[in-house]
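Enquirer: Just the structure for this:
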Amino acid sequence: MVRIFLYGVAALVMLALAAAFTYRFWGMELLRRSMVPSAGFAAQPPVEPEGYARADMWLARPDKPGNPALWTPADMQPASDPTAAVFFVHPTSYMNRNHWNAPLDDVEANSTLEIFLRGQASAFNGSGAIWAPRYRQATFGAFLTSDEAAQQALDLAYGDVLAAFEEFLKQAGDRPIILAGHSQGSLHLTRLLAERIAGTPIAERIVAAYVVGWPVSITADLPALGLPACTDPDQPGCILSWQSFAEPADPSLIFDKFDTTDGYTGAARKDSALLCVNPITGKPDDAAPKQANLGTLLPDMSFSSARMVAGGVPARCEGRGILSIGKTPPNLGQFVLPGNNYHVFDYSLFWANVRADANRRLAAFEAR
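Expert: Numbering: from 1, shown residues only. Prediction:
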């Protein structure tokens, strides 16, 4: 299982690197030309919530055979009787510029996403039963342009996520809820929080929302999300977010686009501080030495095996709100994005700490 997982991660990272290397050598303009679809946006009918009653609309759910979210490293097991329900929204895996949105039956994108679930959603299988929907994700190029078609593609993807969430609520019953996502998935989660959850009884059921790998403005976004930032490791009902960079960090590829947009409050995001909750300590704007890291999911350079390594990666929130992992992070070779961006590894760098954090917040939620 570990071998399959790691080979899949290698394939996934190579997809991202196709864009990264283009950027490094030829710049943003060629990156846009190579990744942004040239055709106009083609409207598609929405997926009705009832559509997500079908098992094939989910990458993971508790009754799914071979559920990839149940993967664990050696000597660890998923909870046998989890008390929470986890709604996990996957990141971007579709790099094709022929379409603005991935077809639901795209074999390559879906097989890659199962690998992501093993490396990311699996961190929560000690706390809850995991539901992870397929959705018509926006292609990678949608994040490189301000064309109206890009927003239309993101709106279509969010519509699927919203429909899946409505079905998730039915299937989850009255369990406590953990929300988690990465990258594009976290973007859709923030919108879900702002438009569907904030101010409703659902908000009172949220153990925590892990909005990882996507910037959240403290002033322009957070007040509209209906939950506060996590300020204490034992605090339930709050939001965590971080973006991992090694030193020297250059997050301009993220900030340049983010700073041109308005947040969920309607205020401009430009130059605003970002939410950074340290995944090791569970506190905002905090620092932790590498010795406090409970375990990084670390593959060897051939991606043929993996081991859980404790005490290897520090974490410190700095600057506008990025998470620094120091000057000498694990040698992950070329699988790092421009600007020393460890985006692909936001979860695996702190996998054991994320697992412990979810368990701790669930215990505090249940005690409350």
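
Enquirer: where do the helices sit along the stretch 151-300 of the chain?
Expert: For the stretch 151-300 of the chain, applying DSSP state H, counting those that start in this stretch gives helices covering 184-192, 252-258.

Enquirer: Show me where the stretch 201-350 of the chain has its strands.
Expert: Using DSSP state E, counting those that start in this stretch, the strands of the stretch 201-350 of the chain run over 206-212, 238-240, 244-245, 287-288, 296-299, 306-309, 315-318, 322-324.

Enquirer: Nearest to residue 219 among these would be which one?
Expert: Set against residue 219 and scored by CB to CB, those come closest in strand 238-240, at 14.3 Å. C-betas here are computed from N, CA, C, even on glycine.

Enquirer: hmm, who's touching that closest one?
Expert: Residues from elsewhere that reach strand 238-240, judged by CB atoms under 8 Å, 6 or more residues apart in numbering: 193, 208-212, 216, 222, 225, 227-231, 275, 277, 279, 282, 357, 361.

Enquirer: any idea which of the helices of the stretch 151-300 of the chain is most buried?
Expert: helix 184-192 (a mean of 25; mean count of other CB atoms under 10 Å).

Enquirer: Would you double-check that residue 359 falls in a strand?
Expert: No. The assignment for residue 359 (DSSP: H, G, I helix; E, B strand; the rest coil) gives helix, which keeps it out of a strand.

Enquirer: What distance do you get for it to residue 152?
Expert: 40 Å (CB to CB, to the nearest Å).

Enquirer: So the two - more neighbours on which side?
Expert: Neighbour count, other CB atoms under 10 Å: between residue 359 and residue 152, residue 152 has more, with 19 against 16.

Enquirer: got the contact list for the more buried one?
Expert: Residue 152 neighbours (CB under 8 Å, 6+ apart): 41, 43, 100.

Enquirer: Ranking by neighbours, what's the top pick from these?
Expert: When neighbours are counted by other CB under 10 Å, residue 100 leads the contacts of residue 152 with 27 neighbours.

Enquirer: any idea how far it lies from residue 140?
Expert: Distance from residue 100 to residue 140, by CB to CB: 11 Å.

Enquirer: again with residue 184
Expert: To residue 140, residue 184 is 9 Å away according to CB to CB.

Enquirer: Need the overlap of contacts for the two.
Expert: With CB under 8 Å, 6+ apart, residue 184 and residue 140 have common neighbours residue 92.

Enquirer: Flag the shaky bits of this protein, pLDDT-wise.
Expert: 1-34, 299-306, 331-335 (pLDDT under 70).

Enquirer: Please convert the strands of the stretch 201-350 of the chain to JSON lines, extending it with mean neighbour count.
Expert: Output for these, formatted as JSON lines (neighbours: other CB atoms under 10 Å):
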{"stretch": "strand 206-212", "mean neighbour count": "28"}
{"stretch": "strand 238-240", "mean neighbour count": "23"}
{"stretch": "strand 244-245", "mean neighbour count": "26"}
{"stretch": "strand 287-288", "mean neighbour count": "18"}
{"stretch": "strand 296-299", "mean neighbour count": "23"}
{"stretch": "strand 306-309", "mean neighbour count": "16"}
{"stretch": "strand 315-318", "mean neighbour count": "20"}
{"stretch": "strand 322-324", "mean neighbour count": "24"}
